[in-house]
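Q: pasting a predicted model and its sequence here:
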Amino acid sequence: MKPTTDLCDANEDNIAAGILRVVEPMFKAWGKSSAFAGQAHTLKVFEDNTLVRTALEQPGHGKVLVIDGGGSKRCALVGGNLGVLADKNGWAGIVVYGCVRDTLELNACTVGIRALDAHPMKSQKRGSGHENIPVALGHTVVHPGNWVYVDEDGVLISDNPLI
Ligand SMILES: O=C([O-])CC(=O)C(=O)O
């Protein structure tokens, strides 16, 4: 994929129109893929990662799992086992508006990971949350199927595929 800087430079009109959205800088990076892209599969959960596991158990087909965790920094929504599962099932990336744990294990995974921070506690397993609905990464809306572009400089969300 092209660098996010080049994608921004080439798509200023789409940014002005809100078709291409730049997520406010807030993420740390883990996983071996420092740059990744794919269509969004969305989850909205709060301190409960049951649906995260269910999603990562399915074939990823190169998609990016976008998890709106409400920005909670009170527990982790993704850990080392889920990172391994993401690799096994072909997910390109995981973007979490929330926290992750087992970061040394996550760094051994191929999948690219962005999250607000690390937190050592696991989340609840009650099965609450929603899948395939519009979600938010901070102030940025992500619709299911939006195109997600991530590299060392940032996270882009686009209604259309960018070339
Ligand atoms: O099950 C969890 O809560 C997440 C986790 O620790 C892992 O994936 O290893």
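A: Arrived safely, thanks for sending. Numbers count the residues shown, from 1 in each chain.
Q: tell me the contacts of the closest residue to the ligand within the chain?
A: The nearest approach of the chain to the ligand comes at Gly79, 2.3 Å away (Cβ to the nearest ligand atom). Where C-beta positions appear, they are placed from N, C-alpha and C, glycine not excepted. By Cβ atoms under 8 Å, 6 or more residues apart in numbering, the contact list for Gly79 reads 100-102, 105-106, 122.
Q: the longest helix along the chain: what's the following helix or strand?
A: Counting by DSSP state H, the longest helix found in the chain is helix 80-88. Downstream of helix 80-88, the first helix or strand assigned by DSSP states H and E is strand 93-100.
Q: angle of that next one against helix 80-88?
A: 180 degrees (axes from the mean of the first three to the mean of the last three Cα atoms, to 10 degrees).
Q: can you pull the contacts of the residue nearest to Glu152 when sequence neighbours are not counted?
A: Nearest residue to Glu152 in three dimensions, chain neighbours excluded: Ser34, at 5.8 Å (Cβ to Cβ, 6 or more residues apart in numbering). Contact analysis of Ser34 by Cβ under 8 Å, 6+ apart lists 112, 151-152.
Q: which of those ranks first by neighbour count?
A: Gly112 (24 neighbours; other Cβ atoms under 10 Å).
Q: name whatever forms a beta bridge with that residue.
A: Gly93 (DSSP bridges).
Q: that one reaches Gly93, doesn't it?
A: Yes. The pair Gly112 / Gly93 is scored as a contact, 4.0 Å apart, by Cβ atoms under 8 Å.
Q: up against the ligand, what does this protein have?
A: 49, 79-82, 101-102, 122-123 (Cβ under 6 Å from any ligand atom).
Q: which among the residues you listed count as buried?
A: Among the residues of the chain next to the ligand, those buried by neighbour count (16 or more other Cβ atoms under 10 Å) are 49, 79-80, 82, 101-102, 123.
Q: max pairwise distance over those residues: which two?
A: Gly80 and Ser123 (14.2 Å; Cβ to Cβ).
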